[in-house]
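>>> please find the sequence and the predicted model below.
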Amino acid sequence: MASNAIEVSRLVKKFGSFTAVNGISFKVREGEIFGLLGPNGAGKTTTISMIATILSHTSGSIELYGVDVLRAKDAARQLIGIVFQDPSLDDELTAWENLDFHARLYSVKENKRKIISDVLELVGLGDKADKQVKTFSGGMKRRLEIARGFIHKPRVLFLDEPTLGLDPQTRRNIWEYIRKLNREHRLTIILTTHYLEEADMLCDRIAIIDHGRIIRTGTPEALKTSLGGDVVRIGTDKKKKLYRLLKGRSFVKSIKESHDGLEISTEDGSRVIPVIAKVADSNNIRIDYTTMKRPSLEDVFISLTGRDIREEGADSDAQWRHFGGRK
């Protein structure tokens, strides 16, 4: 059995009276791609900032390959690489110069030129080594940042919203480079994302996080299977009335209000839809549309939280800044 690369126990982070991370615990196995999935403000960035020693934690414990992050920050930092959510490259330098500067910071001396060449090839930028970063597209810059995070051969790579703001095709290309790093170097990767497709496609396991708490952890498939059956969506302007009429019925496993209707988990959607239509008709409720599909990660999130992942709250990093950057 693989050993654990990361062990987090009862982790708490407070900014003044605001609790950004509220007693979370999880383990990440060596060589795993582990995702923290949740909306902005859920506490994802704050969590990995504490694990990566950027923020101190209020209470709890963090270990990286057995190294206590609180007591041995320098030792922990030798084990990690990080790609920040916000761009942090020097646009006036070339791709090579950006990597060379980072390699010097990490005291990479032996075979430095080969290492830089290799990581540029790894992310498909071998022919762009001497180009200034200001000439790069957003996707190229993101790939260079991933290369920079890996230049010193860390055992754990943190990716904070790695494809934020990129177009769908570029996002998929970035996913391929992330998979390649993980597969070829057995690199443990922990990433934050609010893109459901990204979590589903990339992660071996996912922790769904909301309001600073982890509410469910599992493989993408296990999380989707946990809902069981079908998800029936009903569009109606009388969703509260229909909700009351359907809640508690034997065929309803779970029922949630959405922005324009209801979402119902049931064993056999094709059998249930006519029953719902009959209930609505007999109570003078107009149904605008009905759809049925197998559960997705979005359905899992809505089932667990009662809201859509796109409903965003205040970013916990904004709270950090609000309190004057106090750690």
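Received it, and whenever you're ready, just let me know what you need.
>>> do you know the pLDDT at the residue lying closest to residue 203 once chain neighbours are set aside?
In space, and not counting its chain neighbours, residue 203 is closest to residue 35: 3.7 Å by C-beta to C-beta, 6 or more residues apart in numbering. Where you see a C-beta, it was placed from the backbone N, CA and C, and this is true even at glycine. At residue 35, the model reports a pLDDT of 97.
>>> in terms of helix, strand or coil, where does residue 35 fall?
strand (DSSP: H, G, I helix; E, B strand; the rest coil).
>>> report how many residues lie close to it.
26 (other C-beta atoms under 10 Å).
>>> residue ranges of the helices in the stretch 1-150 of the chain, please?
44-51, 73-77, 95-105, 112-122, 138-150 (DSSP state H, counting those that start in this stretch).
>>> can you redo those as a markdown table with distance to residue 296 and mean pLDDT?
Converted to a markdown table, the helices of the stretch 1-150 of the chain look like this (distance: least, C-beta to C-beta, whole Å; pLDDT from 0 to 100):
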| stretch | distance to residue 296 | mean pLDDT |
| --- | --- | --- |
| helix 44-51 | 20 | 95 |
| helix 73-77 | 36 | 94 |
| helix 95-105 | 38 | 95 |
| helix 112-122 | 32 | 93 |
| helix 138-150 | 26 | 94 |
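>>> right, and those helices - which one's nearest residue 216?
Nearest to residue 216 among the helices of the stretch 1-150 of the chain is helix 44-51; the distance by C-beta to C-beta comes to 14.7 Å.
>>> mind giving me the packing neighbours of the closest one?
Applying 3 or more C-beta pairs under 8 Å, 6 or more residues apart in numbering; DSSP states H and E, we find helix 44-51 packed against strand 4-15, strand 18-29, strand 33-37, strand 59-64, strand 156-160, strand 188-193, helix 316-322.
>>> show me the one of those that comes nearest residue 279.
Here strand 33-37 is closest among the helices and strands packed on helix 44-51 (C-beta to C-beta), at 34.2 Å.
>>> and the contacts of that closest one?
The contact list for strand 33-37 (C-beta atoms under 8 Å, 6 or more residues apart in numbering) reads 6, 26, 28, 42, 44, 47-48, 178-179, 182, 188-194, 196, 198-199, 202-209, 297, 301, 309.
>>> with stretch 275-289 instead?
Stretch 275-289 is contacted by residues 232-238, 241-242, 245-246, 251, 260-261, 264, 290 when judged by C-beta under 8 Å, 6+ apart.
>>> closest to residue 88 out of the residues you listed?
Nearest member of these to residue 88, counting by C-beta to C-beta, is residue 260, at 40.1 Å.
>>> tell me how many other residues crowd that closest one.
13.
>>> spatially nearest residue to it (excluding sequence neighbours)?
What sits nearest to residue 260 in space, not counting adjacent residues and going by C-beta to C-beta, 6+ apart, is residue 235, at 5.4 Å.
>>> gap between the residue nearest to residue 203 and residue 198?
With distances taken as C-beta to C-beta, to the nearest Å, residue 35 is found 8 Å from residue 198.
>>> if we can go back for a sec, what about the residue nearest to residue 260, neighbour count?
Around residue 235 there are 16 other residues, counting by other C-beta under 10 Å.
>>> which strand residues sit across from it in the sheet?
Note on residue 235: beta-bridge partners by DSSP bridges are residue 261, residue 289.
>>> tell me the contacts of it?
260-261, 287-290.
>>> can you rerun that using 7 Å?
Residues near residue 235 by C-beta atoms under 7 Å, 6 or more residues apart in numbering: 260-261, 287-289.
>>> of these, which is the most crowded?
Counting by other C-beta under 10 Å, top hit in these: residue 261 with 21 neighbours.
>>> what residues go with each domain of the chain?
Using automatic domain parsing, the domain parsing of the chain gives 4-218, 229-294.
>>> tell me the confidence at the residue of the chain most remote from its centre?
Relative to the mean C-alpha coordinate of the chain, counting by C-alpha atoms, centre = their mean, the farthest residue is residue 282 (44.0 Å). Note for residue 282: predicted pLDDT of 95.
>>> please apply the same query to the one 3 residues further on.
Listed pLDDT for residue 285 reads 96.
>>> in three-state terms, label it for me.
Here residue 285 takes the coil state, with states given by three-state DSSP.
>>> returning to that earlier point: give me the beta-bridge partners of the residue nearest to residue 203?
residue 191, residue 206.
>>> residue 167: neighbouring residues, count only.
Look at residue 167: counted by other C-beta under 10 Å, it has 12 neighbours.
>>> my bad, should have said residue 204
If you count neighbours by other C-beta under 10 Å, residue 204 ends up with 15.
>>> so it touches residue 32, yeah?
Yes: contact criterion C-beta atoms under 7 Å: residue 204 and residue 32 qualify, at 4.8 Å.
>>> for residue 193, give me its contacts.
Taking C-beta under 7 Å, 6+ apart, one finds 35, 37, 161, 199 in contact with residue 193.
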